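**Q** Okay, predicted coordinates and the sequence, questions at the end:
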Amino acid sequence: MGLAFLKRRPRSNSSGRGSALLSRIPLTAGVLALEVGEPNGHPLDGADVQVTANHTGHVVMAGRTDPFGTFTAGLPTGRYSVLVTSEGLLPAQVTVDIYAGKQVLSPITLERSRPLEPPQPGIWLFDPPHTAIRFIARHVGMANVHGRFTRFDGGVQVAERPEDSYAECTIDASSITTGNKTRDNHLRSADFLDVENYPEIHFASQRFQRHPGNKWTVHGSLSLHGISRTVKLETDYLGSVNGGYGEELRCAAKARTELHREEYTLNWRNMLARGIAIVGPTIQLELDIQVMFRCDETPTPPD
C-alpha cells in the first residue's frame, strides 16, 4: 500500500527518526517505523496505534501518530501484530517481524469506512444519562483541568435531507463541575461564567455540512457570558440502533470544538511569578451525544 507522500521520503534503514532510535536501543532489539496515511495520501495525525506481541498476546506498545503520520518504537526481536485505528476510517492491521539491529518501515493507508445510514427524520431528544458535555482547560502551563456540565437539554430535528437538520442545546451554567468545590465556585463567579447574570449557555445550529465518510461540521451560534459567536462542531456520526431501556430508537455522535475565552469576555487572568498564566486562553469542548427518537414531526427551526 503506497502513499504519495512516502515517495518523497527515503526508505533505507540508515535514515530518518527510526535510525536515530536504532542507535540508542540494545543490540538485541530493532525498530518499528510506521508511516500512516489517509485515503487521499496525506499523513494521518493522531491515529491510534497498538502493538501486540504475537507469542504472548500482550499489548507491548500503544500511542498515536505524530503530525507527519509517523509512529516509531524500539522493540525486542519477534513477530508483532500492529493495529491502527482512526475515527471515520476502517482499521488496518499488519504483522511485522522485528530483527536485531534492523528497522522495519511499514507504510499503512487507512481506507474510508462505509457511510452510515442517517437517522430517521423527526425529533430526537438528548438522553442525559448517556450524554456528556466536557471541557479541557490548560492549567499553569503544564497540566490540564477536566470538567463537565451536568444539567442540559436539547435535541436534533432531523430533516428528510440531513443537511437541512437543526440542533439546539441549553446548558445550565451553574452545573459546571471539575471535582474541586473551591475551583467550581470560582468558575461560577463573575470572574468567569457569572452564572447569576448569565445562567444559561445556548447553542443553535445554522447549517449541517457533510464530509466524506461519517464526518460532519455543524455550524452554529454559541451564546456564553452574554456574547454570541459562531462556532464549528467537528462531528463524527456513530450510527443509530434500537437499544436501551424500552428498546428506544437512538443514535450517537461525538463532537468537538475550541473556544477562545477572550472572545466571550472571560478575561480573568492571573500569572505565576515566572509569567505563566494560571488558566490558558483556549478551552477544548468535547461532546459525547446520545439522542432518542421521539416523534415524526419535523417543525421548521426558528429564524
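**A** On my side now, so go ahead.
**Q** Enumerate the strands of the stretch 51-200 of the chain by residue range, in sequence order.
**A** 59-64, 70-76, 78-85, 92-98, 103-109, 122-126, 132-139, 143-149, 152-158, 166-172, 176-177, 200-210 (DSSP state E, counting those that start in this stretch).
**Q** domain assignment for the chain?
**A** Structural domains assigned to the chain are 4-109, 122-295, following automatic domain parsing.
**Q** ranking those domains by mean pLDDT, which is last?
**A** Mean pLDDT values for the domains of the chain show the minimum at domain 4-109, a mean of 82.
**Q** so how far is that domain off the chain centroid?
**A** 22 Å (Cα atoms, centre = their mean, to the nearest Å).
**Q** Kindly report the same for stretch 118-135.
**A** On Cα atoms, centre = their mean, the centre of stretch 118-135 falls 17 Å from that of its chain.
**Q** just to revisit the earlier point, among the strands of the stretch 51-200 of the chain, which comes closest to residue 190?
**A** strand 176-177 (14.2 Å; Cβ to Cβ). All C-beta atoms are positioned from the backbone trio N, CA, C, and that covers glycine.
**Q** Counting by contacts, list what that closest one packs against.
**A** strand 143-149, helix 181-188 (3 or more Cβ pairs under 8 Å, 6 or more residues apart in numbering; DSSP states H and E).
**Q** Now those in a markdown table, please, with extra columns for distance to residue 162 and mean neighbour count.
**A** Shown next, in a markdown table, are those (distance: least, Cβ to Cβ, whole Å; neighbours: other Cβ atoms under 10 Å):
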| stretch | distance to residue 162 | mean neighbour count |
| --- | --- | --- |
| strand 143-149 | 27 | 15 |
| helix 181-188 | 36 | 14 |
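**Q** Could I get those in JSON lines, plus columns for distance to residue 51?
**A** JSON lines is the format used below for these (distance: least, Cβ to Cβ, whole Å):
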{"stretch": "strand 143-149", "distance to residue 51": "26"}
{"stretch": "helix 181-188", "distance to residue 51": "38"}
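**Q** Which of these sits closest to residue 266?
**A** Taking those one by one with Cβ to Cβ, helix 181-188 is closest: 9.7 Å.
**Q** Let me know the angle separating the closest one from strand 143-149.
**A** 70 degrees (axes from the mean of the first three to the mean of the last three Cα atoms, to 10 degrees).
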